[in-house]
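**Q** need coordinates for the below:
(2 chains)
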Amino acid sequence: MKWDRKTSGKIFESLCRGMTIMAALVLFLVLGRIFFEGYQVITWEFLTADPVEGMTRGGIFPAIFGTVAVTMLMLIMALPLGVGAAIYLVEYAGDGKAARIIRAAVNNLAGVPSIVFGLFGVGFFVLFVGRNLDAVLGRGLIFGQPAMLWAAATLAVLTLPVVIVTTEEALRAIPLSLREGAYALGATRWQVIRGVVLPQALPGILTGAILSVSRGAGETAPILFTGAAYFLPRLPVAESPWLGIPMINPLDQFMELAYHIFIMATQSTNPTETLPIQYGTTLVLVALTFLLNLTAIAMRFVSRRAVVRR
Amino acid sequence: MSIANSIASQKDSKATDTMNPLSEVTRRHEDISVSVDTSKAGSASLQKARRVSLTETLAEVFFKVNGYIAIALLGLIFIFLFKEGFKSLLEISPGAFFGHWTLDFDDNKVFRYLWQPVGDNPKLSFVPLLTGSFLIAFPATLIASVVGVLSGIYLSELAPPNVREAVKPIIEFLAGVPSVVIGFLCLTTFATFLQGVTGSHFRLNAFVAAIGVSIIVVPIITSLTEEAIRAVPDDLREAAYGLGATRWEVISRVLLPAGVSGISASIILGMGRALGETMIVMMAAGNAALVTLNPLSSVRTMTATIAGELGAAAEGSLEYHVLFLVGAVLFTITFFLNLAAETVIGRMRKKLKL
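**A** Next up is the predicted model:
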């Protein structure tokens, strides 16, 4: 009887351990495979040159450029909105009914399939907002077509929950005593937020920003129809009408790493011949998201320790 | 991002006890400022107080608007999916989404479930897309549940602290791998390997995609299971150990029953994620719209159908509207799965009085 209890326990425990090892092993297999297939392709030229000869040779610079540009544009839209919403939730709404509904909406938004965001991007941003802007401006088709602006907006909706949740976490980690101290000195609520809460929460907010960039850079489905292009002979850059210097043109289409992998692997003319390029692109994308996640984890670690020390 | 989701729900539990004193403080503070405003002070300081209260109001309104935009976005997604999707119902009868009658080679009347949206006489049965989606999502969730729940138990109860600190980031990293990367590896490497093992007729099939999708789902289930088990109060553990239970008995008789709502919520969320996964299934499932229950057959999911066909569908055409309707169906399913998971988590929190 006693032997039985111990054996079943042991079997169960080693099963649990085995499954954990397996999950970890999958990550190493995935990363290892990508690294060993991809690293031979990675040269300075691969990272900085344009694709040539029908994308069978050359580099992936436009895709790297497009990924950075679209995620930055996404961050400009998602960060203020997400941080503002989180401040409202933590500093104003408390546990009231409004906060509960907003939290439920945010949780639900986080669970919406990425392709649904793609549909929404086409239906709302490109066709509704874009076309109506064009109709108002009356200068022909400018906004009502797939563009980096709309891809970034779609990605911003998708990563909004990431920003809100991490910012909320950061705001909550600030000790109540700091707020109370400021209130005791006669500060108003907005002064407390601006002078005490936001500076303290800054590392946490940056963590959220990095996580959302990592998330946005890896998404493919939302940008399929909202602005990503298979191949562009030029960078999405135009001379700024105000400053007279070249700047990212958000009304242009763009190439993107994740989309590049997808399109090269499934729809290019000769997917087997370009396999090394695909692995190289995958390695660049994975390295990018990996480094971003690593930075986020390190920052979270540091900021938590800082809070404890206080 | 269901991980974010899970983090949110976990943080909520911690939040409830810190929030109440905070709102208490701010409420008291408001009382004070009100009393300052009503006191008859000099006109200069009154003006200053007015300016301060204007800034305060503006700030509050600004943050409130930001908060409500999250609700508005969810509402807009709902409206725009259904607005475009329902236009297809004006063009064809709802029965066409189920299947159509036709004559086979021997002139017998047969009912067919076909997805052939292009052509003069499009066949628009949702049946192959639904079976395709579930034929991938069910096995994927099953595999991910076994791996995720067991590794969650290991991380919360069995692993030494230093192992836990090392393994948790690894699982988090797994959640951060872009799905297109998993899909790419399934397509180029894993599908060939699996075909060698199973000897299946289709190199790309539902099972390949299910394994790929389960990689994405495992981190969700692992981290939520871990949190659910850790949330069980220590008194329960100690009482069980005090009665002479072994570690396995404590886990199976005390912790798992106590954490069952959290674990089932994680599985429901994982299921929603598996149904909504696009890139992996599009690259690894073969995309043949077959009605089948054979996991080694090539299938076409709702997500892959939208992703593969919207680019080619003319704006405002029947196919275009039908694809939005597919999106609306998908949105509805995942919406209710998310809602169910949230309800279950809420119930758990009440039960454990967190």
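
**Q** neighbours around residue 284, how many?
**A** No chain in the question, so chain A it is. By the criterion of other C-beta atoms under 10 Å in any protein chain shown, A:Val284 has 23 neighbours. For the C-beta atoms, the positions are set from N, CA and C on the backbone; glycine is no exception.

**Q** ah, I was thinking of chain B
**A** B:Ala284: 32 surrounding residues under other C-beta under 10 Å.

**Q** for it, what are its contacts?
**A** B:Gly183, B:Cys186, B:Leu187, B:Phe190, B:Ala191, B:Leu204, B:Val208, B:Ala209, B:Gly212 (C-beta atoms under 8 Å, 6 or more residues apart in numbering or on different chains).

**Q** and after the helix or strand where the last one lies, which helix or strand comes next?
**A** Take DSSP states H and E as the rule and B:Gly212 turns out to sit in helix B:206-230. Downstream of helix B:206-230, the next assigned helix or strand under DSSP H and E is helix B:234-242.

**Q** could you give the angle of that next one to helix B:206-230?
**A** 90 degrees (axes from the mean of the first three to the mean of the last three C-alpha atoms, to 10 degrees).

**Q** show me where the stretch 1-150 of chain A has strands.
**A** Under the criterion DSSP state E, counting those that start in this stretch, strands of the stretch 1-150 of chain A are mapped to A:51-52, A:57-58.

**Q** winner for burial among these?
**A** strand A:51-52 (a mean of 16; mean count of other C-beta atoms under 10 Å in any protein chain shown).

**Q** list the neighbouring strands of that one plus their orientation.
**A** strand A:57-58 (antiparallel) (DSSP bridges).

**Q** excluding its own residues, what touches the strand it pairs with? List them.
**A** Contacts of strand A:57-58 (C-beta under 8 Å, 6+ apart): A:Glu45, A:Ala49, A:Asp50, A:Pro51, A:Val52, A:Ile277.

**Q** do stretch B:59-76 and chain A meet?
**A** Yes - judged by C-beta under 8 Å from any C-beta of the partner chain, stretch B:59-76 and chain A are in contact via B:59-60, B:62-71, B:73-74, B:76.

**Q** got a list of what the closest residue to chain A within the stretch 1-150 of chain B touches?
**A** Nearest residue of the stretch 1-150 of chain B to chain A, counting by C-beta to the nearest C-beta: B:Asn66, 3.0 Å away. Residues counted as contacts of B:Asn66 (C-beta under 8 Å, 6+ apart) are A:Pro80, A:Leu81, A:Gly82, A:Val83, A:Gly84, A:Ala85, A:Ile87, A:Tyr88.

**Q** now do the helices in the stretch 201-350 of chain B.
**A** Ranges of helices in the stretch 201-350 of chain B, per DSSP state H, counting those that start in this stretch, are B:206-230, B:234-242, B:247-249, B:256-258, B:260-276, B:279-284, B:302-309, B:318-352.

**Q** out of the ones you listed, deepest packed?
**A** Among the helices of the stretch 201-350 of chain B, helix B:279-284 has the highest mean neighbour count (mean count of other C-beta under 10 Å), at a mean of 32.

**Q** mind checking how far the closest residue to A:Gly181 other than its chain neighbours is from chain B?
**A** Leaving aside its sequence neighbours, A:Gly181 sits nearest to A:Val196 (C-beta to C-beta, 6 or more residues apart in numbering or on different chains; 8.0 Å). From A:Val196 across to chain B, the span is 13 Å (C-beta to the nearest C-beta, to the nearest Å).

**Q** now for A:Val196, how many residues are close by?
**A** 17.

**Q** for it, which residues are in contact?
**A** A:Ile174, A:Leu178, A:Arg179, A:Gly181, A:Ala182, A:Ala187.

**Q** closest to chain B among these?
**A** The shortest gap between chain B and any of those belongs to A:Arg179, at 6.6 Å (C-beta to the nearest C-beta).

**Q** hmm, the helix holding B:Gly212 in reach of chain A?
**A** Yes - Helix B:206-230 comes into contact with chain A (C-beta under 8 Å from any C-beta), by way of B:Ile215, B:Val218, B:Pro219, B:Thr222.

**Q** want to try a markdown table for these, with pLDDT as columns?
**A** Putting the residues of helix B:206-230 next to chain A into a markdown table (pLDDT from 0 to 100) gives the following:
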| residue | pLDDT |
| --- | --- |
| B:Ile215 | 94 |
| B:Val218 | 95 |
| B:Pro219 | 94 |
| B:Thr222 | 95 |
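
**Q** check these and tell me the two furthest apart.
**A** With distances taken as C-beta to C-beta, the most widely separated pair in the residues of helix B:206-230 next to chain A is B:Ile215 and B:Thr222, at 11.7 Å.

**Q** OK, contacts around the residue lying closest to B:Arg247 once chain neighbours are set aside?
**A** Distances taken as C-beta to C-beta, 6+ apart place A:Gly9 nearest to B:Arg247, at 6.1 Å, with adjacent residues excluded. Applying C-beta under 8 Å, 6+ apart to A:Gly9 gives the contacts B:Thr246, B:Arg247, B:Trp248, B:Glu249.

**Q** export these to CSV and tack on pLDDT?
**A** Formatted as CSV, the contacts of A:Gly9 follow (pLDDT from 0 to 100):
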residue, pLDDT
B:Thr246, 88
B:Arg247, 88
B:Trp248, 88
B:Glu249, 89
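
**Q** which of those sit farthest apart?
**A** Using C-beta to C-beta, those span at most 7.3 Å, a distance reached by B:Arg247 and B:Glu249.

**Q** any stretches of chain A with poor pLDDT?
**A** Across chain A, residues meeting the criterion (pLDDT under 70) sit at A:1-3, A:304-310.

**Q** what about the helices in it?
**A** With DSSP state H, the ranges of helices along chain A come out as A:2-38, A:44-48, A:61-87, A:97-111, A:114-120, A:131-137, A:148-173, A:176-184, A:189-192, A:198-218, A:257-266, A:275-309.

**Q** quick one: which of the strands of the stretch 1-150 of chain A is nearest B:Thr55?
**A** Ranking the strands of the stretch 1-150 of chain A by their distance to B:Thr55 (criterion: C-beta to C-beta) puts strand A:51-52 first, at 52.7 Å.
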